[in-house]
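> model the structure of this input:
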Amino acid sequence: MAFAPEKQQQIANFHAPLIVNVVNSLSDTSLRPGLEQVLKASAENGWENLVGAIRKVLKGQRDSSILKGLDEEDQIIIDAILKGIQNPATMPDPNQEADPSMAAPMLAQLISGASKGDTNALSMLGQMAEQMSTTQGDLARFSTLIKPLVDGERDIDKLCDKIGPTGESLIKAILEELSKLDLH
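Presented below is the predicted three-dimensional model:
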């Protein structure tokens, strides 16, 4: 995987609810219906390859061949799931707030790409927004700001109107990254 270890950790932390849900549903089948809803929505939002790989894991496949055909982000998610199955202590904390300084560049790249018609970036943002909306606090409120950002909203006061300090620092960092991208 080409991502640096800190980027891999950031991606795993961002997708922690999904990773933990998949691993926990292996030992607690009562969680499967909820996971199925997430997987169905994920597939509908363009994450078919990731969902296919997760389904293989759920059916018992554990070898690295699952990673074939996946993009780097999906590989990181599946790798985290496989490591979590082997050692649950390695799973990311689904309640941990993302570090805005780490998330901002990736989010800005996706927002910039989506605003220029990149359907993969738009799909990834849709998936992220969906996952964020199931959380609480600033992360859930941030999920409602992705579309305005893709549509070109850059007024920091308007974007930060109903968000706390952590969310505000993320918005500021994203806007800084977007301004850098616009210069290139």
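
> okay, domains of the protein per the record?
Taking automatic domain parsing as the domain assignment, the record places the domains of the chain at 5-90, 100-183.

> go through this structure and flag its longest helix.
Longest helix of the chain, by residue count under DSSP state H: helix 165-183.

> which neighbouring elements make contact with it?
Here helix 165-183 touches helix 100-115, helix 138-143, helix 156-159, going by 3 or more C-beta pairs under 8 Å, 6 or more residues apart in numbering; DSSP states H and E. (Each C-beta comes from the backbone N, C-alpha and C, glycine too.)

> the same query, at a cut-off of 10 Å, please.
Packed against helix 165-183 by the contact rule (3 or more C-beta pairs under 10 Å, 6 or more residues apart in numbering; DSSP states H and E) you find helix 100-115, helix 138-143, helix 146-150, helix 156-159.

> to the chain's geometric centre, what's the distance from the third one?
What it means is helix 146-150. Offset of helix 146-150 from its chain centre (C-alpha atoms, centre = their mean, to the nearest Å): 16 Å.

> what residues of it count as buried?
Of the residues in helix 146-150, I146, L149, V150 count as buried by neighbour count, 16 or more other C-beta atoms under 10 Å.

> mean pLDDT for the domains of the chain - can I get that in CSV?
Output for the domains of the chain, formatted as CSV (pLDDT from 0 to 100):
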stretch, mean pLDDT
domain 5-90, 89
domain 100-183, 84
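
> circling back to that earlier point, which of the buried residues of helix 146-150 sits closest to A89?
Ranked by distance to A89 (C-beta to C-beta), the buried residues of helix 146-150 are led by I146 at 32.0 Å.
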